[in-house]
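Peer 1: Need a 3D model of the following:
(chains A and B)
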Amino acid sequence: MSVLKETRLALSRRQLLTAAGTGLVAAAGLSVMTARPAAAAASAEEMIAKIAGGTPKEGLVKVDGPEIAENGNTVPVTIEVESPMTADNYVKSVHVFADGNPSPEVAAFTFTPQSGKAFAKFRIRLAKTQNVRAVAMMSDGSSYVGSKEIKVTIGGCGG
Amino acid sequence: MSAKPRVRVPSTAKKGEVFEIKTVISHSMESGQRKAADGSPIPRKIIDKFVCTYNGKEVMTSQWYGAVSANPYLEFFCTATESGTLEFTWHDEGGETYTATADIKVT
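Peer 2: Below you'll find the predicted structure:
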């Protein structure tokens, strides 16, 4: 037993040393670990970066929905942005993304000061448990992001 | 299947009041991801644009993708400025449009 333990320890120490020595093993391990979820998320991230022209700030945007959605075919979500809606300070648009869907774009809303409130409640399809993100573009050019994780029992993309 | 729109707008509102609008339209919003029983893909057919105007002036426009559920429901807000007509238009990717109108009296 103790021999086995020592062997294991020695092995892991050797691996550790190799990794530290070259840095390659660690890098490869990390990329394998993140590659799969990043594949879908990256495209949403790219779209957000493109729309916002950078990384949007956290806050102001509230995404609301059920904690657990039994049916991914029709998940009610509410998007609300905390902001005045006056002629010189209002929410121009809100873009909604679902990272885990085959196509991450869900919907985009263009508001005007006449809207009175940057609010939209609608129903979406979610393929699996994932973060629903909303990016708000303000009239002054700043951008904000908010998200909510929704657990999905049965996916809604018809497989 | 023809799309039937329904809208709910208050009949009266005070000037400056922010009122709620509820809309729904019967539409399959076929995402193109689904397959028929024989394995052939069901062609995509979705409404990709929704526009709300108030006396001809745009209040809210919306772009929709395949992830919007069938029979799309949408709830949003509008500020009452003057008596008139709200017009709602849903644009299908195939070029069809569906419209609904509602009158509002502003006091």
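Peer 1: In terms of residue numbering, what are the domains of chain A?
Peer 2: When chain A is parsed with automatic domain parsing, its domains come out as A:11-41, A:43-152.
Peer 1: got the residue ranges for the strands in the chain?
Peer 2: If you meant another chain, say so; for now it's chain A. Along chain A, the segments classed as strands by DSSP state E run A:57-58, A:61-64, A:68-71, A:75-81, A:91-98, A:105-111, A:118-124, A:130-138, A:143-154.
Peer 1: that's the wrong chain, I wanted chain B
Peer 2: Using DSSP E, strands in chain B cover B:5-8, B:12-13, B:18-25, B:47-54, B:57-64, B:73-79, B:84-92, B:97-106.
Peer 1: A:E58: how many residues sit nearby?
Peer 2: A:E58: 10 surrounding residues under other C-beta atoms under 10 Å in any protein chain shown. Placement of C-beta: from N, CA and C, glycine included.
Peer 1: correct me, but it touches A:V135?
Peer 2: No - A:E58 lies out of contact with A:V135 (C-beta atoms under 8 Å); the separation is 11.0 Å.
Peer 1: shared neighbours of the two, which are they?
Peer 2: Among the neighbours of A:E58, those also in contact with A:V135 (C-beta atoms under 8 Å, 6 or more residues apart in numbering or on different chains) are A:Y144, A:V145.
Peer 1: ok, which residues in chain B are in contact with chain A?
Peer 2: Within chain B, the positions adjacent to chain A are B:18, B:31, B:33-35, B:54, B:57-70, B:72-79, B:81 by C-beta under 8 Å from any C-beta of the partner chain.
Peer 1: Need the buried ones from these selected in ChimeraX.
Peer 2: Buried members of those, defined by 16 or more other C-beta atoms under 10 Å in any protein chain shown, are picked up in ChimeraX with:
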select /B:31,33,54,59,60,61,62,63,64,65,66,67,68,69,70,72,73,74,75,76,77,78,79,81
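Peer 1: and residue 59, what does it touch?
Peer 2: Went with chain A since none was named. A:Y144, A:G146.
Peer 1: Actually, chain B is the one I wanted.
Peer 2: Counted by C-beta under 8 Å, 6+ apart, B:V59 has contacts A:T112, A:Q114, A:S115, B:C52, B:T53, B:C78, B:L86.
Peer 1: Nice, that's everything, thank you.
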